[in-house]
Each structure stands twice: as structure tokens, then as C-alpha cells.
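# Next one to model:
(chains A and B)
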There are 2 protein chains.
Amino acid sequence: MNSLERLIQEFSKLPGLGKKSASRIAYHLLKTDEHKVDALVNAITTVKKTLKECGVCGNYADSNPCPLCSDPHRDNSVICIVEEARDILTIEATHEYKGLYHVLGGVLSPIQGIGPNELRIRELLIRIQPPVQECIIATNPTVEGDTTALYLGKIVKDTGIVVSRIALGLPVGGDIEYADRLTILQAMKARTRL
Amino acid sequence: MNSLERLIQEFSKLPGLGKKSASRIAYHLLKTDEHKVDALVNAITTVKKTLKECGVCGNYADSNPCPLCSDPHRDNSVICIVEEARDILTIEATHEYKGLYHVLGGVLSPIQGIGPNELRIRELLIRIQPPVQECIIATNPTVEGDTTALYLGKIVKDTGIVVSRIALGLPVGGDIEYADRLTILQAMKARTRL
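This is a model prediction of the structure:
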């Protein structure tokens, strides 16, 4: 295997990239100025060197605890539980939620051998003490995400604090005609009084 | 901008990657073992260090002339003209064509200021001498690719050798119902006797 084939192979290991898109990127890099490629390589190595998992919430940051956990302006009475660190970025982009986060690092999946001990659940239970009053579960609405939400809901409720899950329903701008049956069912069940 | 945001920005500069897919890759790398990330970084830097443009055909290779140009088993009477080096990979994957290649490095595009001097056309004309007997033009069937094919067809024909262009028509496994008007027109025009 020559160096170009190896590069294409390395790129196709990344999520969302197939062989075609990986080879497109590899050829693009071949044509790109050396210093622009260096910028990419530096960005990768810097991130791997500087960013570590926050010992509290599990987010990636260059400080421990991370800026979110150590920000005195955040509402430390609420913890939003997410599957992956990247979900924090998405929720933060709304600029609405002001509480803290907790990254599970995955979802329960017996098939893949991921049980409660493989997730950051012990770390979550340690955090559930005053001033924390509520946990918002924001796992994905998938089979595994639902199972995880149910499991977490039960064990967190046992500690006596309020547990909620983000609403399921039609996405804003969505179309009932194209919505799947389960989404419609959820949207009907969770209907709100006007 | 922190190091993670910079990495996402660098990835979104790559072809085919938007902000979402770039951030997915960045978070994936964060979770990935150090040595696997090193493999990617090494593959990039190795390719940039070792691969150079072949002085003859314009393909990327670690030798000059490239293995294709210096292979005595290739048919040196035919040159297939392609837009980009990556097109060679696609044609080679068919294992049918045994001739040589010539990479233009783009297509004629007056809007983007790309004229004949910006492409490797001078290098092509130097190559057109015995034993070369035929040029196959394999530019893409786009407006720019068509213009480039017409232009090349004219100047190569002037040198007295045979010029052809790869056939346009319905893709194998395609469906007439979903084919666009121009493809149907081309397929009708280029019909072959049974």
C-alpha cells in the first residue's frame, strides 16, 4: 500500500466518510498548500495534547474542571444528562439552557456489551446532592437512548430529586405528512393544552 | 477560539465536510486512542512529504516519472486525458484501460479565470508525438468539461492523431424514468446498432 492509499484508508475510518469522500479529501490535501495542511495537522495534535475529559461532567476542555463546571454564573441546581460531549455544543448553541451538564459517554446497549458500569453513571450519582434539584435527561430518542433514559430516570428518582426528559414530538418546521408513526404517537400523547 | 473550535474549522475546509460532519469527526478524534490519531497525522504528513506531481502526466507519485508513466507494460500509444489526478484512480479500478494518462489539473472556466495556460495543455502537446496514436478525452460531462473537451479535441486533432471522447449516455443500472433530458438526448444521439 502506498502512502496515498494509506491516507485514504485513515480518512475512511472517520465517522461519516466513505472510500469516495476519503479519497476526495486525500487528493484535496495533495493539491493544498503545505502551510494549510500544517494548520490541519497542528489543529489535530493540539486538540489531542490540550483537551482532556473534565473530571466532573465528562466534557472535553483544556482545564479540569471545565469552564462550564467552574462558571459561577451557571445554574448549579440543574444537570442536563447527554450521551456524548458533542451534544453539549448543540444545546449550548441555543443560548437558553444555563444549567450544568453530565456526559454519559454512550448509551446502554446489551448487544454491544455496554452496561451501566461502562457509562459515567457512578460519577453522576456522586454529583446528585444539594444544590442539585433537577436532572434533565437528553439522550437521543432511539431504542438505546430510551432504555438509558428509563434506567436513569429510575435510579435518579430514587435519590429524591426531580427528573425530566426533553420532549418528543414534531420537529419545528416539520411536516405531519412526512412524520413517522412513532413521532406522531409521541406528539399526540404529549399534546399541550392551549 | 479554542483548540476544538479551530479543529472543527479546519475540518470544515475539506471538500464535502460541513460544520456538523466536521464537529462529528473532531469529537471522534477526541475519543480515539492517541496512536490511532497519530496514524492519521502521519499519513497526512507522509503524503505531503513523499508524493510529488509526475513531470510527465501530472499524477501524484513518489517517483518522477510516476510508476504508470515508467511502466513498460503500459500501452504508450494511447493517452487518456483527465481533469484531476483522482480520476486516474477511478479509471484504473476498472482494470481495463492499459494506456497512459495526462492530468489537466482542472477545466477551462472563464468565470474562474482558468484559461488554457492554467491547465497542463502545453505539457500534453509535448507528449503528442510517436508512439502516441490516440488521445481519449475523459473530462466530466459538465459545461466546463464539455468546453474543455471541444477545445482539446480541436488542438489535438490539428497534430494529426486520433482524438475520442468517452461515451455519454445512461449509466449502467440507471433508469430512463429518472434520467435528465440532456442525458436521454445524448443516449439517443449516440445510439449503437444492434
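# Every contact and neighbour count from this point should use C-alpha atoms.
OK.
# State the distance from A:P130 to A:L68.
18 Å (Cα to Cα, to the nearest Å).
# Buried ones in the top strand by length along chain A, by neighbour count?
Identified as the longest strand of chain A according to DSSP state E is strand A:75-82. Residues A:76-82 are the ones in strand A:75-82 that count as buried (16 or more other Cα atoms under 10 Å in any protein chain shown).
# Could you do stretch A:148-160 as well?
Across stretch A:148-160, burial judged by 16+ other Cα under 10 Å covers A:148-149, A:152-153, A:156.
# for stretch A:114-133, same thing?
A:116, A:119-121, A:123-124, A:128, A:132.
# try stretch A:97-113
Buried residues in stretch A:97-113, counted by 16+ other Cα under 10 Å: A:98-109.
# cool, and stretch A:30-50?
Buried positions in stretch A:30-50, judged by neighbour count with 16+ other Cα under 10 Å: A:30-31, A:37, A:40-45, A:47-48.
# likewise stretch A:61-78?
Those would be A:61-62, A:64-66, A:68-69, A:76-78, for stretch A:61-78 by 16+ other Cα under 10 Å.
# Turn those into JSON lines, columns for pLDDT and distance to A:N140.
Listed next are those as JSON lines, based on pLDDT from 0 to 100; distance: Cα to Cα, whole Å:
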{"residue": "A:A61", "pLDDT": "91", "distance to A:N140": "23"}
{"residue": "A:D62", "pLDDT": "88", "distance to A:N140": "27"}
{"residue": "A:N64", "pLDDT": "91", "distance to A:N140": "27"}
{"residue": "A:P65", "pLDDT": "93", "distance to A:N140": "26"}
{"residue": "A:C66", "pLDDT": "94", "distance to A:N140": "24"}
{"residue": "A:L68", "pLDDT": "95", "distance to A:N140": "22"}
{"residue": "A:C69", "pLDDT": "96", "distance to A:N140": "23"}
{"residue": "A:N76", "pLDDT": "95", "distance to A:N140": "23"}
{"residue": "A:S77", "pLDDT": "95", "distance to A:N140": "23"}
{"residue": "A:V78", "pLDDT": "95", "distance to A:N140": "19"}
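# Of these, which belong to helices?
Applying DSSP state H to the buried residues of stretch A:61-78, the entries found in helices are A:68-69.
# of all the buried residues of stretch A:61-78, which two lie farthest apart?
Greatest spacing in the buried residues of stretch A:61-78, by Cα to Cα: A:D62 and A:S77 (24.2 Å).
# can you tell me how far the most centrally placed residue in chain A sits from A:V103?
Nearest to the geometric centre of chain A sits A:E84, at 2.5 Å (Cα atoms, centre = their mean). According to Cα to Cα, A:E84 stands 6 Å off from A:V103.
# Repeat that for A:T183.
Separation of A:T183 from A:V103 (Cα to Cα) stands at 25 Å.
# Return the least confident helix or strand in chain A by mean pLDDT as CSV; C-alpha atoms alone will do.
Ranked by mean pLDDT, DSSP states H and E, the weakest helix or strand in chain A is helix A:181-189, scoring a mean of 83. Taking Å, rounded to 0.1, in the frame of the first residue of the first chain, the C-alpha atoms of helix A:181-189 are listed here in CSV:
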residue,chain,number,x,y,z
ARG,A,181,-45.8,6.9,13.1
LEU,A,182,-43.9,6.8,16.4
THR,A,183,-43.2,10.6,16.3
ILE,A,184,-46.9,11.3,15.7
LEU,A,185,-47.9,9.0,18.5
GLN,A,186,-45.5,10.8,20.9
ALA,A,187,-46.6,14.2,19.7
MET,A,188,-50.3,13.2,20.3
LYS,A,189,-49.5,11.7,23.7
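# Please spell out which residues along that helix are buried.
Buried residues in helix A:181-189, counted by 16+ other Cα under 10 Å: A:183-184, A:187.
# contacting residues around A:T46?
By Cα atoms under 8 Å, 6 or more residues apart in numbering or on different chains, the contact set of A:T46 is B:S3.
# any idea whether it is helix, strand or coil?
What DSSP: H, G, I helix; E, B strand; the rest coil gives for A:T46 is helix.
# Distance check, it against B:I44.
A:T46 sits 16 Å away from B:I44 when distances are taken as Cα to Cα.
# before we move on, what about A:I176?
46 Å.
# For stretch A:119-138, which outside residues touch it?
Contact with stretch A:119-138 is made by A:56, A:58, A:76-83, A:102-108, A:149, A:152-153, A:156, A:159, A:161-166, as judged by Cα under 8 Å, 6+ apart.
# roughly how far is that stretch from the heart of the chain?
16 Å (Cα atoms, centre = their mean, to the nearest Å).
# Which parts of chain A belong to which domain?
Following automatic domain parsing, one finds the domains of chain A at A:3-50, A:72-165.
# Out of those, flag the one nearest B:E144.
Once the domains of chain A are compared by Cα to Cα, domain A:3-50 is nearest, at 19.5 Å.
# and A:I8, helix, strand or coil?
Per three-state DSSP, A:I8 ends up helix.
# How about the contacts made by it?
A:19, A:22-23, A:26.
# hmm, back to that, redo the buried residues of strand A:75-82 as CSV? Include distance to chain B.
Output for the buried residues of strand A:75-82, formatted as CSV (distance: Cα to the nearest Cα, whole Å):
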residue, distance to chain B
A:N76, 24
A:S77, 27
A:V78, 25
A:I79, 21
A:C80, 19
A:I81, 17
A:V82, 14
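# A:Q186 contacts A:A179, doesn't it?
No. Between A:Q186 and A:A179 there is no contact under Cα atoms under 8 Å: 11.1 Å.
# Identify, from the buried residues of helix A:181-189, the entry nearest to chain B.
A:T183 (23.5 Å; Cα to the nearest Cα).
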